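**Student:** Predicted model and sequence below, questions to follow.
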Amino acid sequence: MQDRLNNGLVLLGCGKMGSAMLQGWLDQGVPADAVHVLDPFPNAWLKTTGVAINQPLPGAPSVVLIAVKPQMMADALPDLQAMGNGETLFLSVAAGISIATYQDILGANTPIIRAMPNTPAAVGKGITAIVGNAQSTAEHVMLAKDLLSAIGQVVTLNEESQMDAVTGVSGSGPAYVFHMIETLAAAGEAQGLAPDLAMQLAKATVAGAGALAEQSDESPSQLRINVTSPNGTTQAGLEVLMDPTSGLPPLMNATVKAATDRSKELANG
């Protein structure tokens, strides 16, 4: 990856997501002096990294990675317009900003890749979906994957319209899981467990099951079957959870649809 960053990397915004990516790049051996960070409020950690902070930028960096909040975009992007319509790849992890919006600001010939990461990126366990415009070459996509792999897995979409569903599943999904932990712990309390113990059990159970699902060669369906003894305790619980009218399937479908629909609404202004 380093040889593809010969002209430098500009990180626009260094909050939680930007900091997680920057830490990953430095850990992977990207030289600190190749990175230029633009952030109006640099944190104490950033100042210890050795990267250039709010300094003059290279004229045509290899990559500009946009990690500012969407509402800050209008103020941040115009300063980078001169880098558009060239070789510089613009890679955005800002939610809800379409490729067309970037092309309107930066120019139609600008290589642009839009990405949707999620919050487990903060601990290197995220998953990011990416999609590029017609100007994004296979080499651009590979560079984007290399950069984003610093915070977890990366998948490529066939078309930008899929980004709304990605938002509904993996973008918003961590919040669904956090709420499941909350409710699982509360249910344990209701059955007589101490609050701290119920929460510890719920966190470890969800984290462990997720790790097993990722690492196992068996499908989640088979893993569920493996732990379900006929007429046992798990079956009793699953009969409630898997009820096709009142259980988790219709609830999760409605949850993801609501988030996906809202993503579409936000994208359309």
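**Tutor:** That came in fine, so what should we check first?
**Student:** ok, residue 128 - how many residues close by?
**Tutor:** Neighbours of residue 128 under the rule other C-beta atoms under 10 Å: 25. In short, each C-beta sits where N, CA and C put it, glycine included.
**Student:** tell me the secondary structure for it?
**Tutor:** Secondary structure for residue 128, judged by DSSP: H, G, I helix; E, B strand; the rest coil, is strand.
**Student:** my read: it touches residue 153, true?
**Tutor:** Yes - contact criterion C-beta atoms under 8 Å: residue 128 and residue 153 qualify, at 7.2 Å.
**Student:** Could you pull up the residues touching the spatially closest residue to residue 15 that is not a sequence neighbour?
**Tutor:** Of all residues not flanking residue 15 in the chain, residue 67 sits nearest, at 6.9 Å (C-beta to C-beta, 6 or more residues apart in numbering). Residues in contact with residue 67 (C-beta atoms under 8 Å, 6 or more residues apart in numbering) are 11, 12, 13, 14, 15, 17, 18, 21, 93, 94.
**Student:** how near is residue 67 to residue 260?
**Tutor:** Counting by C-beta to C-beta, to the nearest Å, the separation of residue 67 from residue 260 is 23 Å.
**Student:** residue boundaries of the strands in the stretch 51-200 of the chain?
**Tutor:** 52-53, 63-66, 89-92, 112-116, 126-132, 152-156 (DSSP state E, counting those that start in this stretch).
**Student:** can you tell which of those is closest to residue 179?
**Tutor:** Ranking the strands of the stretch 51-200 of the chain by their distance to residue 179 (criterion: C-beta to C-beta) puts strand 126-132 first, at 18.6 Å.
**Student:** Which strands border that closest one, and is each parallel or antiparallel?
**Tutor:** Looking at strand 126-132 with DSSP bridges, its partner strands are strand 112-116 (antiparallel), strand 152-156 (parallel).
**Student:** do you know which of the ones you listed lies nearest residue 241?
**Tutor:** For the strands paired with strand 126-132, distance to residue 241 was read as C-beta to C-beta. The smallest value, 27.0 Å, belongs to strand 152-156.
**Student:** could you give the angle of the helix or strand containing residue 21 to strand 152-156?
**Tutor:** Assessed by DSSP states H and E, residue 21 sits inside helix 16-27. Using axes from the mean of the first three to the mean of the last three C-alpha atoms, to 10 degrees, the direction of helix 16-27 lies 100 degrees away from that of strand 152-156.
**Student:** can you count the residues close to the nearest residue to residue 247 once chain neighbours are set aside?
**Tutor:** In this structure, residue 247 finds its nearest non-sequential neighbour in residue 241, 5.2 Å apart by C-beta to C-beta, 6+ apart. As a burial measure, residue 241 scores 12 neighbours (other C-beta under 10 Å).
**Student:** from memory residue 241 sits against residue 250, does it?
**Tutor:** No - shown here, residue 241 and residue 250 do not form a contact pair, counting by C-beta under 8 Å, at 11.6 Å.
**Student:** what's the distance between residue 164 and residue 263?
**Tutor:** Separation of residue 164 from residue 263 (C-beta to C-beta): 4 Å.
**Student:** And for residue 44?
**Tutor:** From residue 44 to residue 263 the distance is 34 Å (C-beta to C-beta).
**Student:** Same question for residue 127.
**Tutor:** 17 Å.
**Student:** cool, residue 197 as well?
**Tutor:** Distance of residue 197 to residue 263, computed by C-beta to C-beta: 38 Å.
**Student:** ok so, going back, which of residue 44 and residue 263 has more neighbours?
**Tutor:** The residue with more neighbours, out of residue 44 and residue 263, is residue 263; 21 against 6, by other C-beta under 10 Å.
**Student:** Surely that one forms part of a helix?
**Tutor:** Yes - membership of residue 263 in a helix is supported by three-state DSSP.
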